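# structural data only, the sequence is not supplied:
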């Protein structure tokens with residue numbers, strides 16, 4: 001946005017996400033509604049990784065309350081919006097997400113153009 005990456009590209013050369021395992025299954029403590037919210041987030045925000053687990057658990061807790069028809073205050077909705085933004089789950093934040101290309105299990109692909 002400021003052009004700092006163009007002015008001093010070496011400053012940003014090796015930046016990127018540290019490696020992280022895939023998100024995996026919902027936490028063992030989650031109730032049925034929270035598991036449903038977890039699965040919905042996994043479908044909607046497929047780039048989430050294990051390092052996003054704590055932030056996702058916060059979002060899941062609030063979303064499960066919404067899905068159950070419980071009263072959710074403005075502060076909780078704002079926290080949900082913030083969590084979604086941090087995970088790249090809003091339209092504006094999604095534009096900043098770079099997903100790694102799918103890695104093929106076929107060892108022959110490195111020899112042939114797919």
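Thanks, I have it. This one's a predicted model, so the numbers in the text were calculated from it and none came from an experiment.

# who touches the helix ranked longest in the chain?
For the chain, the longest helix by residue count, based on DSSP state H, is helix 53-67. By CB atoms under 8 Å, 6 or more residues apart in numbering, the surrounding residues in contact with helix 53-67 are 23, 26-27, 30-31, 33-34, 36-38, 40-41, 48, 72, 76-77, 79-80, 83-84, 86-87, 89. Quick note: C-beta positions are derived from backbone N, CA and C, even for glycine.

# among the residues you listed, name the buried ones.
Neighbour-count burial (16 or more other CB atoms under 10 Å) applied to these gives 23, 26, 30, 33-34, 36-38, 41, 48, 76, 79-80, 83-84, 87, 89.

# got a pLDDT number for the closest residue to residue 51 other than its chain neighbours?
Leaving aside its chain neighbours, residue 51 sits nearest to residue 20 (4.2 Å; criterion: CB to CB, 6 or more residues apart in numbering). Looking at residue 20, its pLDDT stands at 75.
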